[in-house]
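Visitor: make a model of this:
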Amino acid sequence: MGLSGAVLSGARFRRALGAIALAGILMVPVAGPGAFSQDTPQVSEARAIAEEAYLYGLPMIVGYDVLYKFFIDRNSGQFKGPINTISNEARVFTPKDTAISTPNSDTPYSVALLDLRAEPMVLCMPEIETARYYDVQLIDLYTDNYGYIGSRATGNGAGCYLVSGPDWQGEQPPDVAKTFRSETQFSLVIYRTQLFNPADMDNVKKVQAGYTLRPLSAFLGKPAPPAAPTVDWPKFEPEAFTTRFPEYLGFLLQFSPPVGAAAVEKPLRKKFAAIGIGAGQDVPPKTISPEVKAALGEGVKAALAKIAATADGVGATVNGWQVGSAAGSRDFYNGNWALRAAAAKLGIYGNSEAEAVYPFTRSDVNGIALDGSKHTYQMTFAPGQLPPVNAFWSITMYDGRTQLLIDNPINRYLINSPMLPELKKNPDGSLTLFIQRDSPGKDRESNWLPAPDGPMFVVMRLYWPKDEPPSVYPLGKGAWKPPGIVPVRNLNAVGAARFGDKSLENIVRTDERYGHDGVFQGPRGWAYWNRLEYPKPIQDPNLWPDTQSTYFLGRLALPAGSTLAMDFSYPQARYFQFALYRWENNTFVATDAIAGPDIEPEPGSTNPFRAGANRLAEQRGFKLRIVKDDAPAEPDRRAPNTVYAGKGGGEIEGVIRIYLSDQGRDGAGWGPADASFGDSGFPTYSATLADGTQLSAADIVKQMARPMTGATKQPITAAQWDEMVNAKTNDPTLDPATAPARKNPQWEKFWTLQYSVAGAFKSPEERARIPFAGAMEGGGDPSTQYLITYLSRKFGPVYVMRGKMPTFPNTYAGAGGRGLDVMPDAQTQYWSLVSCEAAPSGQIVDGLTDMQVPLDADGNYMIVVSRKEDRPANATLENGVAWMEWSPRGEGIDGPKNRPDFGMLMLRMMANNPTWTQSPDKVTRPGMEEAIMGPYLPKGEYTTKAAFEANGLKN
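Guide: Below is the predicted model:
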């Protein structure tokens, strides 16, 4: 039984109604000659009555389809048992069960159809252990839920309950705990008994064996009253939804007298009779005008449209889940027949919301259709945020096309709360489920919910939800919200190894969109250089880049006194900066820069990089100026949004830096990742010469832009590096086979190439004589603090790094999956670690950004660096350990002098908060790192794969 106890899914419902579109109209008899004339008011009335009758009666017809197959037609293939008999289904549903859509594998079912015409029936329940949830749902022919027995409603103690028809006038026997009155003479009873796991099935069978059903006379030990007349049940045919709808509805209405609470329907039944629908009516078809005939058909079409719209509008969309309820009692519907029909469309015989709530989704947190052939997904419950229920919860996977269970290698169709002892929690206490087609690995399989190789339909079941906060109530607005299903990896995208990495599609799309305007070229970065099929030399990112960066470079020759103005949009990304460099001493040296938070927006726009700002604001324009002048000596005299190129001659290089664009954005953060078009965030240009002459964009390209055709040279050549490795003046404690790595590797701040690279080979005394202060070299970011350490596998093939992560704005996804809504305050804007080759190569092999590193409750991390073959089996995210690859090429230098055991790590902390007392910015000379940074300065040691697997997780 389906997503809400249903036996007819939305897909099957649509197929059943498909004939309506072919039939075009609903053929109904008319009460008699002249019942409707061809004048407009009567035609309109016919249309309105037909619409209301179809809304009212459709769930009853859908229900009859079920009842006929379950209890009347012994050859239906779905027959359960005769009327007034309990039929138990004591088994776990599998993909072989195709008769029932969205089958529930949490609660094996028992069902019964009660005939209440002659006398009431008595349902008796056994004593059931308190830990086991059960419910007994009472449903009339209208499909209203008119009563409940079970854990929530009556408790788990033994007891007997009387169910009567609408006409019974007797008194409740003393041994009966409660009486329920059905408004119709036949009533469906659905029993749900919780199954803890497949091994628990024998216990469920014992509980089901204790359910009994007897006529009242048998319960009292008295003679039975005269039997009710035999019913001539019409065979269910698809035409029940089209041309024979009045016939079937009339058949059901004879068992649904308008008495008691249903007496309010008397005027409605009178209207239905006007178009030939009524209990026991047998009015022969009469000749009707074409206008009235068309009006009746139009009324049915209008009803179908209203049902679809109502179903789509049930509840609210919360993190991609549809949270609401369309099932309930007569009071719940209160005459809203469209809602009752929508309940049949969504899944007939659903529980009322007090008993169970069924969030469901076909979409990820971004609103994109779930598809196991295209993506892997994760769903994470924050610490203490598991579904708030008194009974239990579950999440079941279905094929999105059929709404049936799917075959999978571990025969697992759901994950539920009874499985919690076997599920692995993250170090911070959160719980992540891996929702994907293929195994996420043996170490993650405990939390794996297998997905189909195609569209997915996921249903969450919350049995007996809690009322007290945090609660799912009110539905769609409750304090507890189901976490979104987040796409992690595009299975069809090359190179997206970690959550947050750009796919090949994203890289190619960014390359096609930007950097072809003659002023700025690119995009440049590790991803573009390594993953594009034919990268241009300018796209080589030069020296130890980050994996998440996108750069655009422009070489400019500005005349004295000129100004180049650029109209920008803030990208949707973690970090943005514009910097100027000048070529000095065989490297690029920073001359001026301005970072995202310091850039003033245009009037009406928002700067999304400032703490507290709306990061997703639509108006996000700003202007920047490059002035061919020296910067003022006093910072407060600087013009806003201005960088100074200096009065000196020669070319300058402008660099646009963008780090970690939001999920769903291209690599620059200006355009969508999944569309064939980009936004207009890339700058447009204008310029003014010293004499006031205005230059157009084309003039700027001709007069100011300089071509960039080759890759930027590395500041240290292979010959220079070899000379440093083997210099006789090196620290005598170093071995040329491992230099400049030491047995006890230490992290230190990067100062200059001379001090931090060449000086690393010298003794402490010699190194102290090297000047350490200076402008940022190697094209480095002047807003970033870099830390480095040198390694060698000769000391150990596995390096284990520990430290404390500064707080950072985790902007990538946010609650809606498309970037964080509000920029939070943080200690650092961005933290990342890269595994490097030697300076002559300048390349990296792997990288981690802050959000990709698991943290414990105190913000501490553990990162293992090794080659793939040396990776310890327990160096996994599930164990709270990040892993990064050690360069398989070592130094990365071509030729026999390459040392394959070389390793180097570089750590970035970008745009650090000046109020952060342990910031690396406050390290003003070498040797202060540990005293200032404390736990934020990493520490590390060498080990082996076997040793780490044995005890490497111990701090």
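
Visitor: CA only for contacts and neighbour counts going forward, please
Guide: Noted.

Visitor: biggest strand in this protein by residues?
Guide: Determined from DSSP state E, the single longest strand within the chain is strand 573-584.

Visitor: so which bits of that one are buried?
Guide: Neighbour-count burial for strand 573-584, with 16 or more other Cα atoms under 10 Å as criterion, is recorded at A573, R574, Y575, F576, Q577, F578, A579, L580, Y581, R582, W583.

Visitor: just stretch 561-571 next, same as before
Guide: Buried-residue list, stretch 561-571, by 16+ other Cα under 10 Å: S562, T563, L564, A565, M566, D567, F568, S569, Y570, P571.

Visitor: now the two most distant members of these.
Guide: S562 and P571 (27.0 Å; Cα to Cα).

Visitor: just after the longest strand of the chain, pick out the following helix or strand.
Guide: strand 587-595 (DSSP states H and E).

Visitor: in its sheet, which strands sit next to that following strand, and in what direction?
Guide: strand 573-584 (antiparallel) (DSSP bridges).

Visitor: who's in contact with the strand it pairs with?
Guide: 570, 588-596, 609, 643, 645, 651-662, 668-669, 779, 781, 809, 811-812, 829-830 (Cα atoms under 8 Å, 6 or more residues apart in numbering).

Visitor: in strands, which of those residues fall?
Guide: Per DSSP E, these map to strands at 588-595, 643, 652-661, 830.

Visitor: list buried residues within those residues.
Guide: Buried among the ones in strands among the contacts of strand 573-584 by 16+ other Cα under 10 Å: 588-595, 643, 652-661, 830.

Visitor: just the strands in the stretch 351-500 of the chain please.
Guide: 356-357, 360-361, 375-381, 393-399, 414-416, 431-436, 448-450, 456-463, 486-490 (DSSP state E, counting those that start in this stretch).

Visitor: same check, this time on the stretch 101-250 of the chain
Guide: 109-115, 121-125, 134-140, 145-150, 159-164, 178-181, 186-193, 212-215.

Visitor: can you count the residues close to K266?
Guide: Other residues within reach of K266, judged by other Cα atoms under 10 Å, total 13.

Visitor: what helix or strand is it on?
Guide: helix 266-273.

Visitor: average model confidence for the following helix or strand past that helix?
Guide: Helices and strands here follow DSSP H and E; after helix 266-273, the next one along the chain is helix 290-312. When pLDDT is averaged over helix 290-312, the result is 81.

Visitor: and if you look at stretch 805-814?
Guide: For stretch 805-814, the per-residue pLDDT averages 93.

Visitor: now swap in stretch 388-406 and tell me
Guide: pLDDT averaged over stretch 388-406 gives 92.

Visitor: now it, how far from the chain's geometric center?
Guide: Distance of stretch 388-406 from the chain centroid (Cα atoms, centre = their mean, to the nearest Å) equals 16 Å.

Visitor: with stretch 330-338 instead?
Guide: Counting by Cα atoms, centre = their mean, stretch 330-338 comes out at 34 Å from the chain centroid.

Visitor: can you offset everything so residue one is 50?
Guide: Noted, 50 is the first residue going forward, which turns the last one into stretch 379-387.

Visitor: only alpha carbons, please: show that stretch as PDB.
Guide: Presented in PDB, the C-alpha positions along stretch 379-387 are these (Å, rounded to 0.1, in the frame of the first residue of the first chain):
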ATOM      1  CA  ARG A 379     -15.300  14.500   6.700                       C
ATOM      2  CA  ASP A 380     -14.500  17.400   9.000                       C
ATOM      3  CA  PHE A 381     -11.000  17.600   7.500                       C
ATOM      4  CA  TYR A 382     -12.400  18.000   4.000                       C
ATOM      5  CA  ASN A 383     -15.300  20.100   5.000                       C
ATOM      6  CA  GLY A 384     -16.900  19.900   1.600                       C
ATOM      7  CA  ASN A 385     -13.600  20.300  -0.400                       C
ATOM      8  CA  TRP A 386     -14.200  17.500  -2.800                       C
ATOM      9  CA  ALA A 387     -11.300  18.600  -5.000                       C
END
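
Visitor: any chance you could list what contacts that stretch?
Guide: E101, L104, Y105, D193, N194, Y195, A352, K355, I356, T359, L388, R389.
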